[in-house]
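>>> output the structure for:
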Amino acid sequence: MKLPEFIEKMLEMLADAGFSAYLVGGCVRDALMGIAPHDYDIATNARPEQIMAIFGEKSCAAYGRAFGTVGVKYGGGFAEITTYRTEGGYTDCRHPAEVHFAEDILQDLARRDFTCNAIAYSPKTGIFDPFGGCQDIETGTLRCVGIAQARFAEDALRILRGMRFCARFGFVPDEMTDAAMRAGAFLLEKISAERVFSELQGMLMGDHITEVLMRYPKVLAVWIPEILPCIAFCQHTRHHDFTVWEHIARAVGAAPKHRAVRLAMFMHDFAKPKTFTRNYKGGHFDGHAEESALIANKILLRLRCDNQLRRQVVTLIHLHRGIPKEPVDVRRLLGILDYDEFDLFIGVLKADNASKWKAGEDLKAGGEIARAQEYAEECKEKNLCCRVTDLAVRGNDLAALGLQGEQIGEGLRMLLEAVVTEKCPNEKIYLLEYFSEKLKKMAIRL
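This next block holds a predicted model:
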């Protein structure tokens, strides 16, 4: 491993003080896979107070001191240094009731979740891999350290973490790990909503998420039971080759790597089984986009999603049903979405279109999506009026004509529609003239 200078120096300082020290966990795994590590974890037989004595208390934060972890700032960098430990007495399927410090790196690695995370590295002695993690990385195998069922019983969140590794790296669980993940899924009920949602977001961003969703829908259904009706639900329509769940899984994988878009694709068709009807023409799902948006809102509230992301996801799901085929439709949408959000909406439409057919995307729909995107870009370049705030008149202009309260808002929206549909140019003199004529025709009593 090519290490940053500050990490090499930290390892040297621990060794010079008479302690053993190794890099462990994700940084070693990522380096073996050719991925540049984003952070570094060091394991040592030095106790927390000894670590702080070596690096100085001002450079240390003992935020995990009870578990032997000290955050150390040194040489312009940061690393977490943790004392070798063993764990026992798990009572809540998440946190160990007991932590005991150890002298041996082998004991420390033996407590870890998967073999790919149970590899240690020292610049002096090289790789220490007692559980075959290097071979598992090479073969793309996700394997638990020790007995898989016991690892998940200790910490049920490891099931979702394993799914995230599969989605990110393309790992495939070995037979025992796979069986234990399925059998232990019910334990996820004891995990906090925040931790479940964090892992869900992480796995949804993976390159191999489609395979994971197809393999483990019932595991995710422990927290999101709305998945269950979608599994194996035949759509009975010429517009889809896949079941509802397979379409969803493919749509997530086809979507841009943006949290809101991938979450939207994950839930965009959850209401299809509920809204399904069938006649001689095949299956229909009238209103499924609106209903799926309501379902998604409930799920995201359950998972403690922040309000801004929740509103964005729900809006994208609500709008996904139709492609804006005319310039006026695009401008109306730009009255709801800003330009960045419209780009996300285009990503939703493309992902949906790319995941309906075994042969690939619907070329006709693809062309319609491209034209909508082009017109939105034209609106942005020409600074076209798409929102009430873009109008050349303001509320006080309508108030001067005698309108009050809600009438002013209704009047502005009417003028916006006139501008968007090109019935009136967005110039103050013409807008007021147009509005005055409308008032006369409508015989509104002021």
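>>> contacts, neighbours, all on C-alpha from now
Will do.
>>> low-confidence bits of this structure, can you list those?
64-65, 88-97, 442-446 (pLDDT under 70).
>>> select the longest helix from it.
Longest helix in the chain, counting residues (DSSP state H): helix 363-382.
>>> what's that one in contact with?
Applying Cα atoms under 8 Å, 6 or more residues apart in numbering, the contact partners of helix 363-382 are 323-327, 330-331, 334, 339, 343, 346, 349-350, 353, 385.
>>> export it to PDB, keeping only CA atoms.
The C-alpha trace of helix 363-382 is given here as PDB (Å, rounded to 0.1, in the frame of the first residue of the first chain):
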ATOM      1  CA  LEU A 363     -36.600   4.600 -28.800                       C
ATOM      2  CA  LYS A 364     -39.800   6.700 -29.400                       C
ATOM      3  CA  ALA A 365     -40.100   7.600 -25.800                       C
ATOM      4  CA  GLY A 366     -36.300   8.200 -25.600                       C
ATOM      5  CA  GLY A 367     -36.700  10.800 -28.400                       C
ATOM      6  CA  GLU A 368     -39.500  12.500 -26.600                       C
ATOM      7  CA  ILE A 369     -37.500  12.700 -23.400                       C
ATOM      8  CA  ALA A 370     -34.500  14.200 -25.300                       C
ATOM      9  CA  ARG A 371     -36.700  16.800 -26.900                       C
ATOM     10  CA  ALA A 372     -38.200  17.800 -23.500                       C
ATOM     11  CA  GLN A 373     -34.600  18.200 -22.200                       C
ATOM     12  CA  GLU A 374     -33.600  20.300 -25.100                       C
ATOM     13  CA  TYR A 375     -36.600  22.600 -24.700                       C
ATOM     14  CA  ALA A 376     -35.800  23.100 -21.000                       C
ATOM     15  CA  GLU A 377     -32.300  24.100 -21.900                       C
ATOM     16  CA  GLU A 378     -33.700  26.500 -24.400                       C
ATOM     17  CA  CYS A 379     -36.000  28.000 -21.700                       C
ATOM     18  CA  LYS A 380     -33.000  28.500 -19.500                       C
ATOM     19  CA  GLU A 381     -30.800  30.000 -22.200                       C
ATOM     20  CA  LYS A 382     -33.600  32.500 -23.300                       C
END
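>>> show me what counts as buried in that helix.
For helix 363-382, burial by neighbour count (16 or more other Cα atoms under 10 Å) applies to 365-366, 369, 371-373, 375-376, 379.
>>> now do stretch 142-162
142-145, 148-149, 151-162.
>>> same thing with stretch 191-209?
191, 193, 196-197, 199-209.
>>> gap between it and the chain center?
Its chain's C-alpha centre and that of stretch 191-209 lie 6 Å apart, by Cα atoms, centre = their mean, to the nearest Å.
>>> what's the answer for stretch 431-438, then?
48 Å.
>>> buried sites along that stretch?
Quick answer for stretch 431-438 (16+ other Cα under 10 Å): 431-432, 434-435.
>>> distance to residue 129 added to the residues you listed, as TSV?
TSV is the format used below for these (distance: Cα to Cα, whole Å):
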residue	distance to residue 129
431	75
432	78
434	78
435	78
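>>> so of the contacts of helix 363-382, which two are at opposite extremes in space?
353 and 385 (29.2 Å; Cα to Cα).
>>> and the strands in the stretch 51-200 of the chain?
60-64, 69-74, 77-83, 85-88, 98-101, 120-122, 126-128, 141-142, 172-173 (DSSP state E, counting those that start in this stretch).
>>> mean neighbour count, those: which tops it?
Between the strands of the stretch 51-200 of the chain, strand 141-142 has the highest mean count of neighbours, a mean of 24, where neighbours are mean count of other Cα atoms under 10 Å.
>>> and for that strand, what's in contact with it?
Here strand 141-142 has contacts from 114-116, 136, 162, 166, 171-174, 177, using Cα under 8 Å, 6+ apart.
>>> give the buried subset of those residues as a ChimeraX selection command.
Command for ChimeraX that selects the buried part of these, burial taken from 16+ other Cα under 10 Å:
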select :114,115,116,136,162,166,171,172,173,177
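>>> picking up where we left off before, so of the buried residues of stretch 191-209, which ones are in helices?
Using DSSP H, the buried residues of stretch 191-209 in helices are 193, 196-197, 199-204, 209.
>>> which one of those is nearest residue 238?
residue 209 (25.9 Å).
>>> list the contacts of residue 174.
141-143.
>>> what does residue 227 give?
Residue 227 neighbours (Cα under 8 Å, 6+ apart): 217-218, 220-221, 245, 270.
>>> just the buried ones among those, please.
Looks like the contacts of residue 227 have 217-218, 220, 245, 270 buried, using 16+ other Cα under 10 Å.
>>> you'd agree residue 426 is up against residue 392?
Yes: counting by Cα atoms under 8 Å, residue 392 is a contact partner of residue 426 at 5.9 Å.
>>> one step back: would you convert the contacts of residue 227 into JSON lines that also reports distance to residue 131?
Shown next, in JSON lines, are the contacts of residue 227 (distance: Cα to Cα, whole Å):
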{"residue": "217", "distance to residue 131": "29"}
{"residue": "218", "distance to residue 131": "30"}
{"residue": "220", "distance to residue 131": "29"}
{"residue": "221", "distance to residue 131": "32"}
{"residue": "245", "distance to residue 131": "36"}
{"residue": "270", "distance to residue 131": "41"}
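>>> so which of those residues are in helices?
217-218, 220, 245.
>>> and those, which is closest to residue 130?
residue 220 (32.0 Å).
>>> now do the same contact list for that closest one.
residue 227.
>>> returning to that earlier point: just checking, next helix/strand downstream of the longest helix of the chain?
Once the chain leaves helix 363-382, the next helix or strand it forms, by DSSP states H and E, is helix 395-399.
>>> who are the packing partners of that following helix?
helix 406-420 (3 or more Cα pairs under 8 Å, 6 or more residues apart in numbering; DSSP states H and E).
>>> and the helix it packs on, which residues are buried?
Under 16+ other Cα under 10 Å, the buried positions of helix 406-420 are 408-409, 411-412, 415-420.
>>> now find how far off-centre that helix is within its chain.
With Cα atoms, centre = their mean, you get 38 Å for helix 406-420.
>>> quick one: the helix or strand that it is followed by to helix 406-420, angle?
Once helix 406-420 ends, the next helix or strand along the chain (criterion: DSSP H and E) is helix 428-442. If you take axes from the mean of the first three to the mean of the last three Cα atoms, to 10 degrees, helix 428-442 sits at 120 degrees to helix 406-420.
>>> mind listing residues that contact helix 428-442?
392-393, 411, 415, 424-425.
>>> point to the residue nearest the middle of this structure.
The residue lying closest to the centre of the chain (Cα atoms, centre = their mean) is residue 201, at 2.9 Å.
>>> let me see the contact set for that one.
259, 263.
>>> recalculate using a threshold of 6 Å.
With Cα atoms under 6 Å, 6 or more residues apart in numbering as the criterion, no residue contacts residue 201.
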